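Asker: how would this look folded up:
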Amino acid sequence: MIQQNSRNGPARVGIGGPVGSGKTALIEQLIPRFIKRGNEIAVITNDLVTREDAKRLQRSGLLAPERIVAVEAGACPHTVIREDPTLNSQAAENLDREFEHLDVILIESGGDNLASTFSLDLVDYWMFVIDTSEGDDIPRKRGPGIVQSDLLVINKVDLAPFVGADVNLMVKEGLEVRGGKHLVLTNCKTGEGIEEVANHIINNVLFD
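Answerer: Predicted coordinates:
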């Protein structure tokens, strides 16, 4: 397995987005797909002052609990993924030492606003997750997370009819503000679009 990163260790993939957009659910869908492909995986979750997302993933049984590490930010979530990512970097380095054959570490940000971005000193590739229940005007608000991420994920497409969101409009305006960079529509309940997200990571960060 060849990783496309500057540290010669496991690739690090950031997953950011607002509270409730479906970041943890996305990870739950991605884990078995990576395992099926033979990839060794670990996860770091970020929360403000709790470890709820890590506990949820540990209870899922998708990975051995020791492969899922929690970081308590104690401040605005973007602080530990952008301004000072030391806690996350240390957690990733510890996982790398403990599991010598790791291919990829998923780093989930705590729920943040549209200005959230990842430091490229921390990750090799990052995606931003929004969902249709937030309204179909979210893409045109042009937050850095939407514009700068390597991949934009528009989640919960199944809810669009119930909240009056126009998914086609979200795709059109998402592509416009991102200058044509990739976006994917997903439904984490059914698995719709998840394979495409996994393929983006494989093709851009890992090379089978």
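Asker: which residues are contacting the helix or strand containing I146?
Answerer: Using DSSP states H and E, I146 sits in helix 144-148. Around helix 144-148, the neighbours that count as contacts under Cβ atoms under 8 Å, 6 or more residues apart in numbering are 16-17, 112-117, 128, 130, 138-139, 152, 174, 177-178. Placement of C-beta: from N, CA and C, glycine included.
Asker: For this structure, give me the ranges with low pLDDT.
Answerer: 1-7, 207-208 (pLDDT under 70).
Asker: how does it look with 80?
Answerer: 1-8, 48-50, 74-77, 111-112, 207-208 (pLDDT under 80).
Asker: CA atoms only for the helix holding I146, dumped as PDB, please.
Answerer: Extracted C-alpha coordinates of helix 144-148, given in PDB (Å, rounded to 0.1, in the frame of the first residue of the first chain):
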ATOM      1  CA  PRO A 144     -14.400  27.900   3.800                       C
ATOM      2  CA  GLY A 145     -15.400  24.400   4.700                       C
ATOM      3  CA  ILE A 146     -17.700  24.300   1.600                       C
ATOM      4  CA  VAL A 147     -15.300  26.000  -0.800                       C
ATOM      5  CA  GLN A 148     -11.900  24.700   0.200                       C
END
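Asker: What are the buried residues along that helix?
Answerer: Neighbour counts over helix 144-148 (16 or more other Cβ atoms under 10 Å) mark G145, I146, V147 as buried.
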